[in-house]
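**Q** when you get a sec, could you give me coordinates for this:
(one chain, ligands or ions: 1)
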Amino acid sequence: MDLVTQHLVQPDDLNYHNNLFGGKMLSWIDEGMAMFAMMKINYTNIVTVSMDNVVFRSPARAGDIIQIYGKIIKTGKSSVTVKTLAISNNPQTGKLAEVIESEISYVCLDDKGKPYFHFRNFKIQSEKP
Ligand SMILES: CC(C)(COP(=O)(O)OP(=O)(O)OC[C@H]1O[C@@H](n2cnc3c(N)ncnc32)[C@H](O)[C@@H]1OP(=O)(O)O)[C@@H](O)C(=O)NCCC(=O)NCCS
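**A** Residues are numbered from 1 along each chain as shown. I've put the predicted structure just below:
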């Protein structure tokens with residue numbers, strides 16, 4: 001998987017249990033993976049259609065670095081699906097933990113906002129296993 005983006009967990013990112021708020025992390029993941037998908041498919045007019053199999057595995061705390069990894073797992077006619085894994089990295093202890101995993105699908109749109117069959121003419125070149 002490629003390292004897609006990183007975020008430092010700040011006090012404003014916490015919920016009332018002092019863990020990283022899940023909705024905050026989902027927005028980091030959605031934004032980071034959308035940019036990753038745009039670059040990989042060379043097309044920018046995309047929208048998120050689904051976030052599936054979202055599993056929260058462990059909490060993250062203030063001071064952790066959230067590292068978001070991803071890879072493309074599927075393309076259809078207009079859609080591309082990515083798998084993503086976020087890891088918390090405590091820079092003081094070096095402890096790593098899986099925080100969240102998910103599969104996200106994005107749909108390419110045309111200039112009228114309708115699904116555009118981008119993958120009729122575009123093949124992703126070199127994907128790592
Ligand atoms: C995304 C959207 C354009 C799809 O429109 P639609 O009329 O449902 O389109 P279709 O049924 O023809 O599906 C288009 C593609 O999306 C895929 N798709 C639709 N629903 C899906 C779902 N729940 N999960 C995964 N893929 C899905 C279809 O399989 C199809 O893929 P393909 O072209 O590769 O075969 C429309 O649902 C939409 O605008 N949703 C809102 C998007 C949004 O605002 N996102 C949040 C902000 S980015």
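
**Q** going forward, measure contacts between C-alpha atoms and count neighbours the same way
**A** Fine.

**Q** packing partners for the longest strand seen in the chain?
**A** When the chain is parsed with DSSP state E, its longest strand is strand 96-108. On a contact count with 3 or more CA pairs under 8 Å, 6 or more residues apart in numbering; DSSP states H and E, strand 96-108 meets strand 46-56, strand 79-89.

**Q** mind giving me a markdown table with these and columns for mean pLDDT, distance to the ligand and mean neighbour count?
**A** Below are those laid out as a markdown table (pLDDT from 0 to 100; distance: least, CA to the nearest ligand atom, whole Å; neighbours: other CA atoms under 10 Å):
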| stretch | mean pLDDT | distance to the ligand | mean neighbour count |
| --- | --- | --- | --- |
| strand 46-56 | 96 | 4 | 14 |
| strand 79-89 | 98 | 4 | 22 |
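
**Q** and these: which comes nearest Phe36?
**A** strand 79-89 (9.3 Å; CA to CA).

**Q** ok, back up a step: list the buried residues of the longest strand of the chain.
**A** With burial defined by 16 or more other CA atoms under 10 Å, the residues of strand 96-108 counted as buried are 97-108.

**Q** distance to Ile73 for the helices and strands packed on strand 96-108 - can I get that in JSON lines?
**A** Supplementary listing: these in JSON lines, determined by distance: least, CA to CA, whole Å:
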{"stretch": "strand 46-56", "distance to Ile73": "13"}
{"stretch": "strand 79-89", "distance to Ile73": "5"}
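
**Q** which one of those lies nearest to Leu3?
**A** Here strand 79-89 is closest among the helices and strands packed on strand 96-108 (CA to CA), at 9.5 Å.

**Q** in its sheet, what does the closest one sit against?
**A** strand 65-75 (antiparallel), strand 96-108 (antiparallel) (DSSP bridges).

**Q** what angle do whichever strand or helix holds Met35 and strand 96-108 make?
**A** Using DSSP states H and E, Met35 maps to helix 22-41. With axes from the mean of the first three to the mean of the last three CA atoms, to 10 degrees defining the directions, helix 22-41 sits at 60 degrees from strand 96-108.

**Q** nothing else from me, thank you.
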